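>>> no sequence on hand, only this structure:
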């Protein structure tokens with residue numbers, strides 16, 4: 001009699017603190033909207049002018065080129081703003097593809113980074129393309145989360 005042992009189920013990688021916070025924020029937004037408790041806050045009186053470029057203060061934790069491109073693209077979206085349905089808008093906000101293109105040093109580097117971003121997206125969400133997935137998002141949190149996961153994936157593959 002032979003006994004076969006099934007392979008152990010692989011566990012997904014542990015989420016970082018930023019990823020857990022982003023997912024918690026999304027869950028809270030959904031709960032508030034479902035309960036009818038979402039409140040509009042008047043922020044017209046708050047000064048949103050930023051002195052100097054905040055991107056210059058953040059160092060890139062990745063040494064591999066594609067991971068570095070994905071990290072810089074993530075920071076660009078955080079800094080310039082996120083565009084959901086267009087490449088960019090009049091305020092300077094950009095979509096994921098545009099952010100990658102602006103941060104990549106070559107077309108092939110941009111293609112490789114976009115490929116890894118799509119792979120990271122498909123591991124956690126249903127998506128045919130980056131633009132179609134991006135248009136489905138209601139906040140920037142999952143976009144930033146996907147960029148972080150893609151950068152980690154590129155770094156792990158030494159890309």
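Nice, I can see it. As the structure is a prediction and not an experimental result, all values here were calculated from the model.
>>> ok, now which ones touch the residue nearest the centre of the chain?
The centroid of the chain falls nearest to residue 144 when counting by CA atoms, centre = their mean (2.4 Å). By CB atoms under 8 Å, 6 or more residues apart in numbering, the residues touching residue 144 are 18, 22, 74, 77-78. C-betas here are computed from N, CA, C, even on glycine.
>>> same list (those residues) but as a markdown table, adding pLDDT, secondary structure and neighbour count.
Listed next are the contacts of residue 144 as a markdown table, based on pLDDT from 0 to 100; DSSP: H, G, I helix; E, B strand; the rest coil; neighbours: other CB atoms under 10 Å:
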| residue | pLDDT | secondary structure | neighbour count |
| --- | --- | --- | --- |
| 18 | 71 | helix | 12 |
| 22 | 73 | helix | 21 |
| 74 | 96 | helix | 24 |
| 77 | 96 | helix | 22 |
| 78 | 95 | helix | 17 |
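>>> adding distance to residue 92, write the residues you listed out as JSON lines.
Formatted as JSON lines, these follow (distance: CB to CB, whole Å):
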{"residue": "18", "distance to residue 92": "23"}
{"residue": "22", "distance to residue 92": "23"}
{"residue": "74", "distance to residue 92": "16"}
{"residue": "77", "distance to residue 92": "11"}
{"residue": "78", "distance to residue 92": "13"}
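>>> of all these, which two lie farthest apart?
Using CB to CB, the pair of the contacts of residue 144 lying farthest apart is 18 and 77, separated by 13.7 Å.
>>> show me the contact partners of stretch 94-111.
65-66, 69-70, 72-74, 76-77, 80-88, 113-114, 117, 130-131, 134, 143, 146-147.
>>> okay but residue 71 is in contact with residue 64, surely?
No - checked against CB atoms under 8 Å, the pair residue 71 and residue 64 is beyond contact range at 10.0 Å.
>>> more crowded one of those two?
Shown here are residue 71 and residue 64; by other CB atoms under 10 Å, residue 71 has more neighbours (24 against 15).
>>> no further queries at this time; thank you.
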